[in-house]
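Asker: Any chance you can model this:
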Amino acid sequence: MSPPLIRIGTGGYSDTALLGTLYPHGTPPSDFLRLYACHYDAVEINSTFHAPIGGRALQGMAEKAAGKLRFSVKLHQDFSHKRRAGAVQARHFLNALRPLGDALANVCVQFPESFERNPANRRYLAELVSWFAEIPLAMEFRHHSWHIPQVFEFFAAQPQLLWCNVDYPPRIGLPESVFRPLHRTAYMRLHGRNPHWRAAHSAAERHDYRYQDHELKQLADTLHRHRDDFDELYLYFQNTTRSHSFYNIPVLKAYLASAGFAVKTATDGYAGAQAQLFD
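Answerer: Numbering: from 1, shown residues only. Below you'll find the predicted structure:
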């Protein structure tokens, strides 16, 4: 029996804070994704949350990845936050994704903390799921009302729906971080544990946190306890601020590899001087 595969990447790849670490100084933005693909095997595209993206742009990403990456694409905020999009906009979004082909792993839907579990929002969620019935949807719910057994049972019965496991700062009113692999494919987002999350003025400030080695070891131990519950995990560090993710990822990979998980530990060519930090 093959060990579970854990695909590790970051939320987005274009953060210029990674210049000097993941990307050597002087690397043009047009080369970021090609270099990123030398180190990681999955990427969560977050730009699609803020602005529409065309198929040509995604085709370019697929070409630069050269078959080395699986893509998770974040759904536009008109669906998750503003909730003013409908079936027509969903078809346009799906059509834009087609150039990714088999490299498309799933779509990530991140609902805001204001999206509570009430009859109206449940009806909207059912509509959204029907619009995207052809692809896996990984859903992150920041309101506590969704984190209940009935919802977990519903997700477990729907092969298309992936429960998005999250790691948030503790004791700030967000849901508790609990790993629940409800399907053979699992999804996880690591937001960091910045105690000043609520006071932050930007996503970069919220994610300004570098995990300590013992915290990453605890995460690896948690995944090891669940190793029989999933075959594949998409795990995304959101803390690219000040290159935190760059330093955290190889540490976690080492713990996971020693626990018997399949992870990408070697660095492909074109990686430059930074490659030695990943070996």
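Asker: And for the residue nearest to Gln160 when sequence neighbours are not counted, the neighbour number?
Answerer: In space, and not counting its chain neighbours, Gln160 is closest to Pro136: 5.7 Å by Cβ to Cβ, 6 or more residues apart in numbering. C-beta here means a position set from N, CA and C on the backbone, and glycine is covered the same way. For Pro136, the neighbour count with other Cβ atoms under 10 Å is 19.
Asker: How about the one 3 residues further on?
Answerer: Using other Cβ under 10 Å as the criterion, Met139 is surrounded by 22 other residues.
Asker: what's the answer for Gln160, then?
Answerer: Neighbour number of Gln160 under other Cβ under 10 Å is 14.
Asker: Return the per-residue confidence for the residue nearest to Gln160.
Answerer: For Pro136, the model assigns a pLDDT of 98.
Asker: now do Arg210
Answerer: 98.
Asker: Where does the closest residue to it other than its chain neighbours fall, secondary structure wise?
Answerer: Spatial nearest neighbour of Arg210, excluding adjacent residues (Cβ to Cβ, 6+ apart): His244 at 4.1 Å. Using DSSP states H and E, His244 maps to helix 244-258.
Asker: Leu190 bridge partners, please.
Answerer: Beta-bridge pairing of Leu190 under DSSP bridges involves Asp167, Phe237.
Asker: what's near enough to touch it?
Answerer: By Cβ atoms under 8 Å, 6 or more residues apart in numbering, the contact set of Leu190 is Val166, Asp167, Tyr211, Leu219, Leu235, Tyr236, Phe237, Gln238, Asn239.
Asker: can you count the residues close to the second one?
Answerer: If I follow you right, that is Asp167. Neighbours around Asp167, by other Cβ under 10 Å: 21.
Asker: Ok, the fifth one next?
Answerer: By other Cβ under 10 Å, the residues close to Leu235 number 23.
Asker: cool, and the third one?
Answerer: Number of residues near Tyr211 (other Cβ under 10 Å) recorded here: 23.
Asker: Would you check that it makes contact with Gly192?
Answerer: Yes. Under the criterion of Cβ atoms under 8 Å, Tyr211 makes contact with Gly192 at 7.1 Å.
Asker: Excluding chain neighbours, what is closest to the residue nearest to the spatial centre of the chain?
Answerer: Most central in the chain under Cα atoms, centre = their mean is Tyr236, positioned 4.0 Å from the mean C-alpha point. The shortest distance from Tyr236 to any non-neighbouring residue, by Cβ to Cβ, 6+ apart, is to Glu44 (4.5 Å).
Asker: thinking again about what came up before, what residues are up against the residue nearest to Gln160?
Answerer: Ala105, Asn106, Val107, Gln160, Leu161, Leu162, Thr185.
Asker: 10 Å - rerun?
Answerer: 72, 104-108, 159-162, 183, 185, 187, 234 (Cβ atoms under 10 Å, 6 or more residues apart in numbering).
Asker: next one: Ala257
Answerer: Applying Cβ under 10 Å, 6+ apart, the residues near Ala257 are Pro3, Ile6, Ala220, Val263, Lys264, Thr265.
Asker: how about the strands in the stretch 51-200 of the chain?
Answerer: Ranges of strands within the stretch 51-200 of the chain are 70-74, 104-111, 137-141, 161-167, 185-190, based on DSSP state E, counting those that start in this stretch.
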